[in-house]
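> below: sequence and its predicted model.
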Amino acid sequence: MDGTFTLELFDAPQPFLDEAGEVLAAEPVLGSVIATVSQRIAREVADGMDSWADVDAPFERWWVVVRDASGTPVSAVMRTASFRPYPSFSMPMPESAARLLAAALHERGEHLGGANGALPGAEVLARATAELGGGTLVVDKATRLWECTSAVVPPAPEGRLRRATEDDAELVLAWFTAFHAEADEQAGREPDPGSGEHNTLDGVLVRIREGVEWLWELPDGTVAHLTGSGLPSYGVGRIGPVFTPREHRGRGIASYVVGELTRRGLEAGHRMCLFTDQANPTSNKIYAGLGYEPVVDMAEHLVSDPATS
């Protein structure tokens, strides 16, 4: 407690969602990542699954509700990322609350190797972590959250849009992996094979059964593109990942698929959002042309651990 804000820590998703529901519902676009990830983990837990057991992280995943002096939830943070350095993700967060969280994690001996999310709170969390632990702060990637309220769908290329089936699972898994490496390359960064979500075939099958993975099939049956369109949470659907293999780019497939899935989401009564890498001007231009508008700038921060340097 710092006189203004308090932190409530959770080690399970459903109790967190029960307490954070007020702020997630009030800011559903800003809270989209935390809400959808937490709800997916809650479904896994309810079904007896524990994907975290395979992650081999040096800590137990957690969630935090930030409350103001009146006890009202004003922000939420989670550390559930399944890839090194297991960064946190935060909604817009007061700077003093970010410093309070950094101090709490430091006090319990947990090194926060990365802090992602809305600025400036995520940066303050990362910087305070570095200062307390003697580490070095690096801004690894600048991202941007966009929302579309009216979709502009370009003409459809040759082929058809269809949901992925279980027969497509191996391909979808391979493209999930390729997406992160090629996103780094397109943004001018050295590809990092360890970045991005830790995806498994079982996890891909869950997403396929939920009906959230879409493929573009050419007239000859060749699968040429993948776009995810997640289950809505608090009335918000989020697009991603979006991946087209090199040999199929330049045909307008990605623009059409993202535009069409956005249009369908809006017609179903959902708000629609997505993330872009600010270092990739091509994707930012494409999504702006589809009707997406910037909501908030975010960033991914890395914090070195002196104990392992």
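Happy to help now that I have it. Residues are numbered from 1 along each chain as shown.
> Val212 versus Arg162, what's the distance?
13 Å (C-beta to C-beta, to the nearest Å). Any C-beta I mention is one placed from the backbone N, CA and C, and that applies to glycine too.
> the two: who's more crowded?
Val212 (19 against 12; other C-beta atoms under 10 Å).
> list the contacts for the residue nearest to the more buried one when sequence neighbours are not counted?
The shortest distance from Val212 to any non-neighbouring residue, by C-beta to C-beta, 6 or more residues apart in numbering, is to Gly230 (5.2 Å). Gly230 makes contact with Thr36, Val212, Gly237, Arg238, Ile239, Gly240 under the criterion C-beta atoms under 8 Å, 6 or more residues apart in numbering.
> what's the closest of the residues you listed to Arg271?
Ranked by distance to Arg271 (C-beta to C-beta), these are led by Gly237 at 7.3 Å.
> for this structure, give me the ranges with low pLDDT.
Filtered on pLDDT under 70, the chain yields the residue ranges 1-3, 183-198, 309.
> nearest residue to the spatially most central residue of it in space, please, no chain neighbours.
Centroid-nearest residue in the chain, with C-alpha atoms, centre = their mean: Val33, separated by 4.9 Å. Closest residue to Val33 apart from its sequence neighbours, by C-beta to C-beta, 6+ apart: Phe89 at 5.7 Å.
> Thr177 versus the one you found, what's the distance?
Taken as C-beta to C-beta, the span from Phe89 to Thr177 is 21 Å.
> over to Ala130?
30 Å.
> repeat for Cys148
27 Å.
> and what of Ile208?
For Ile208, the distance to Thr177 - C-beta to C-beta - is 16 Å.
> ok so Val257 is a strand residue?
No: counting by DSSP: H, G, I helix; E, B strand; the rest coil, Val257 falls outside a strand, being helix.
> what's around it, how many residues?
25.
> not counting its neighbours along the chain, what's nearest it?
In space, and not counting its chain neighbours, Val257 is closest to Thr227: 4.7 Å by C-beta to C-beta, 6+ apart.
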